[in-house]
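Undergrad: Attaching a predicted model along with its sequence, questions to come.
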Amino acid sequence: MAPVWVYGINDHLDLPEKLPSGFEPTGALCTDFRSLCDVVGAAPHPAFKLRKKLAADRAYTHMQNRRPSFLGAKPPESPTPTKAEEKATLIESHHIAVRSVLLDRTSIGILSLLLPKTSSLKVLVFSDCNLDCEMLRLLATGLTGVCSVESLQIEYNSLDLPLPQLAEVEAEAPSPDAEDGEAGDKGKEETSAWDAAAKSLEARERKRYSVQSERLLRSFREWLESTHGDLNAVWAAFGDTNFDAGITAQDFHVSVYDHLGISGPQVLEVFEVLDGPDYGAEGGGCASLNTLKKALEGVPPLTEEEEAAKEEDPLGASLAQLLEKNVVLESVSLRQCAVGRLELVPMVNALLKSPWQLRCLNLWDNRICDRGAELLASAIDAYRGIEYLGLGRNRIGDAGLQSLCRPFTPTPLAEDQVAGAKDRISKQEAAAKAVADAKEKAQGTEFSSRQMRAEVPLIDELIEVPPTGDSDKPTFLLRRLTELKCLVLSENPIKSAEVVEAIQPHGPRGAELLLRCTPAGSDLATKRPELLKDKERRPLLTLQQQVAAPTDGWTLRIAPY
């Protein structure tokens, strides 16, 4: 009988780097998971157990609460099934969702070994499972080869920084006092190995806490500066508020919202930092705005060297591995995973490599500001294969909207640039024809494994605008085509309807721009009520165009949910 899984039961095991010799996976993940656990001596995690089919009499009982018109005749009572019959009712699901349970690294490691061999699983969901950086690395390693998983959803999963190395902590620790002499050496000898290990672990945890607190405060400072300009304007917004008065977490959140107009879980996280050991509060449940002021002013912006070093950010690097070219995922959702600008740097570097297998990227309810939107704009400018980009409920304002839409704006060409553009378009047409011929030649060929998405050769469009005014020469615009079908910016602080009107005509053909529950969307709904109709899919007419362009543009979706 297999042991019952509890957290930590597998910690003593050394996970193999590859499948044991003689182990033949069947391609059914849950079946193979239990078999491999038996081989390596691990307790199988209950999240990956086989499910049973719903029997006919159970299905009828499940429908008892439905209206009588939907009920059929009750099936005849079936005899008690034998063990063999029960085993036959076990099924492999195409969708596995692990919600609100802890996972250990051994279970994720076993999953990583089996994922490249699975043939039936399509969707894998981890919601509120507290995955760490090492677990994400193992997941990314398994989602390669001919793995059948198409969609990975990781939700409500804030990452902690890895524990710093002991050498790093010891280097920052104060050197022992040389005046202690033999007494100090005697005290060291009397310290047990257990106590020494406990103290070193405590020092490493304390170091991680301080670094994470500084990271959180820096992110919060950037958020305030993006909404108010600088910290002086932030403090001025509080007016005559007493900065020295101690307030509770709830009052702190209310005060920040009333004076600065921002709210969310990060506000309370900042309060916990101010109420922590780094600022002398020691968890008393009370902090002051003056403590907030000193904390934010004590975290200066990153220098250029530090910004460059953030390309190796450990949290962003663990998420970026899910976007690499060798990963088979077509859809990646990182909903409410505290992804901010620092985490985006490695992720953008992965997207710049054009992973054509990836179609959909959902970053809903994270901490992406205008600077983060500018980073993403550079990624979608280089990688034109993304079809869906979800950025709802972030911190993107008017400047971020303009940055994200800039890659799709037709570019005016100088007269000496037209010939080069025509030459590039000719090469793109030749590449597209070669791909089409290869696809036609491959028709009728039987494939024994999953086929990866091939890179699509996109052909740029050269638009000739007739001469206007005193000029007798036409103007040429270069429009780079894209696979983008939907850009979601709902529930962001986008305020200017004029900015939306200006960028709308220059969007990609047939693509939708969702601005639901934004101040700019509300203003546009007042000016153009026809946009509130769900069946209205025509884009706006050309409004406030600075450069002539086709009038199809973005299809705006501003109706409330």
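TA: Received it, and whenever you're ready, just let me know what you need.

Undergrad: What is the neighbour count of D370?
TA: 22 (other CB atoms under 10 Å). C-betas here are computed from N, CA, C, even on glycine.

Undergrad: And A97, by the same measure?
TA: The burial count assigned to A97 is 13, neighbours taken as other CB under 10 Å.

Undergrad: try S354
TA: Counted by other CB under 10 Å, the residues lying close to S354 total 15.

Undergrad: what do you get for H506?
TA: Counted by other CB under 10 Å, the residues lying close to H506 total 22.

Undergrad: One more: L121?
TA: Around L121 sit 21 other residues, with neighbours defined as other CB under 10 Å.

Undergrad: I figured it was touching L29, is that so?
TA: Yes - when contacts are counted by CB atoms under 8 Å, L121 is listed as touching L29 (5.1 Å).

Undergrad: anything in contact with each of those two?
TA: 92, 96, 115 (CB atoms under 8 Å, 6 or more residues apart in numbering).

Undergrad: possible to save those as TSV with pLDDT and neighbour count?
TA: Rendered in TSV, the data for the shared contacts of L121 and L29 read as follows (pLDDT from 0 to 100; neighbours: other CB atoms under 10 Å):
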residue	pLDDT	neighbour count
E92	71	18
I96	93	19
L115	94	24
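
Undergrad: wait, which of those is closest to E155?
TA: I96 (14.0 Å; CB to CB).

Undergrad: Partner strands of the helix or strand encompassing that closest one, with direction?
TA: In the assignment (DSSP states H and E), I96 maps to strand 95-99. Note on strand 95-99: by DSSP bridges, its sheet partners are strand 123-127 (parallel).

Undergrad: quick one: average confidence on the partner strand?
TA: Per-region confidence: strand 123-127 scores 96 on mean pLDDT.

Undergrad: got the buried residues for it?
TA: 124-127 (16 or more other CB atoms under 10 Å).

Undergrad: swap in stretch 226-246?
TA: By neighbour count on 16+ other CB under 10 Å, the buried set for stretch 226-246 is 226-228, 234-235, 237-238, 246.

Undergrad: Let's see which of those end up in helices.
TA: Among the buried residues of stretch 226-246, the members falling in helices (DSSP state H) are 226-228, 234-235, 237.

Undergrad: possible to save these as a markdown table with pLDDT and distance to R105?
TA: Formatted as a markdown table, the entries for those read as follows, by pLDDT from 0 to 100; distance: CB to CB, whole Å:
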| residue | pLDDT | distance to R105 |
| --- | --- | --- |
| S226 | 86 | 37 |
| T227 | 87 | 39 |
| H228 | 89 | 42 |
| V234 | 95 | 41 |
| W235 | 95 | 45 |
| A237 | 95 | 45 |
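
Undergrad: Save the residues you listed as TSV, and put in distance to G264 too.
TA: Below are those laid out as TSV (distance: CB to CB, whole Å):
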residue	distance to G264
S226	14
T227	12
H228	16
V234	16
W235	20
A237	17
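
Undergrad: quick one: the strands in the stretch 51-200 of the chain?
TA: Using DSSP state E, counting those that start in this stretch, the strands of the stretch 51-200 of the chain run over residues 51-52, 90-91, 95-99, 123-127, 151-155.

Undergrad: related to what we said a few turns ago, determine which two of the buried residues of strand 123-127 are furthest apart.
TA: The largest separation in the buried residues of strand 123-127, counting by CB to CB, is between L124 and S127 at 11.0 Å.

Undergrad: Next, show the common contact partners of those two.
TA: Common neighbours of L124 and S127, counting by CB under 8 Å, 6+ apart, are Q153.

Undergrad: Mind splitting the protein into its structural domains?
TA: Each structural domain of the chain that the record assigns through automatic domain parsing is listed here as a residue range: 166-170+195-297, 304-410+479-557.

Undergrad: Ok, which of these comes nearest L50?
TA: Each of the domains of the chain has some distance to L50 by CB to CB; the shortest is domain 304-410+479-557, at 23.8 Å.

Undergrad: Strands along the stretch 301-450 of the chain, start to end?
TA: Per DSSP E, counting those that start in this stretch, the stretch 301-450 of the chain carries strands over the ranges 331-335, 360-362, 388-390, 411-413.

Undergrad: for the residue nearest in space to the middle of the chain, what are its contacts?
TA: Within the chain, the residue whose C-alpha comes closest to the C-alpha centroid is L334; the distance, by CA atoms, centre = their mean, is 3.1 Å. Contact criterion CB under 8 Å, 6+ apart gives 154, 157, 319, 362-363, 366 as the residues in contact with L334.

Undergrad: Next, count neighbours for the closest residue to D523 other than its chain neighbours.
TA: Counting by CB to CB, 6 or more residues apart in numbering, D523 lies nearest to A497, which is 3.8 Å off, once chain neighbours are set aside. One way to gauge burial is a neighbour count; for A497, by other CB under 10 Å, it gives 22.

Undergrad: quick check: mean pLDDT across stretch 150-165?
TA: 92.

Undergrad: picking that back up, in a markdown table: the buried residues of strand 123-127, plus distance to I396.
TA: Formatted as a markdown table, these follow (distance: CB to CB, whole Å):
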| residue | distance to I396 |
| --- | --- |
| L124 | 28 |
| V125 | 26 |
| F126 | 26 |
| S127 | 24 |
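
Undergrad: ok, so of those, who is nearest R105?
TA: Where the buried residues of strand 123-127 are concerned, and distances follow CB to CB, R105 has its nearest neighbour in F126, at 13.7 Å.

Undergrad: The closest one contacts N157, doesn't it?
TA: Yes - when contacts are counted by CB under 8 Å, F126 is listed as touching N157 (6.8 Å).

Undergrad: ok, back up a step: of the buried residues of strand 123-127, closest to V348?
TA: When the buried residues of strand 123-127 are compared for distance to V348 (CB to CB), F126 wins out at 23.1 Å.

Undergrad: so what's that closest one bridging to?
TA: Residues found in beta-bridge contact with F126 (criterion: DSSP bridges) are V98, I154.

Undergrad: residues touching it, list them.
TA: Contacts of F126 (CB under 8 Å, 6+ apart): 98, 103, 153-155, 157.

Undergrad: One more pass at 10 Å, please.
TA: For F126, the contacting residues are 47, 96-99, 101, 103, 108, 135-136, 139, 152-157, by CB atoms under 10 Å, 6 or more residues apart in numbering.

Undergrad: Could you do G392 as well?
TA: Contacts were defined as CB under 10 Å, 6+ apart; by that measure G392 touches 335, 362-366, 488-492, 514-518.

Undergrad: 8 Å instead?
TA: For G392, the residues meeting the contact criterion (CB under 8 Å, 6+ apart) are 364-365, 488-492, 514.

Undergrad: Is it possible to get CSV of the residues you listed that adds distance to L217?
TA: Putting the contacts of G392 into CSV (distance: CB to CB, whole Å) gives the following:
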residue, distance to L217
W364, 24
D365, 21
V488, 29
L489, 27
S490, 28
E491, 25
N492, 23
L514, 32
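
Undergrad: will you turn those into a markdown table that also has pLDDT and distance to P346?
TA: Rendered in a markdown table, the data for those read as follows (pLDDT from 0 to 100; distance: CB to CB, whole Å):
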| residue | pLDDT | distance to P346 |
| --- | --- | --- |
| W364 | 96 | 20 |
| D365 | 95 | 20 |
| V488 | 97 | 23 |
| L489 | 97 | 23 |
| S490 | 96 | 26 |
| E491 | 95 | 26 |
| N492 | 95 | 23 |
| L514 | 94 | 27 |
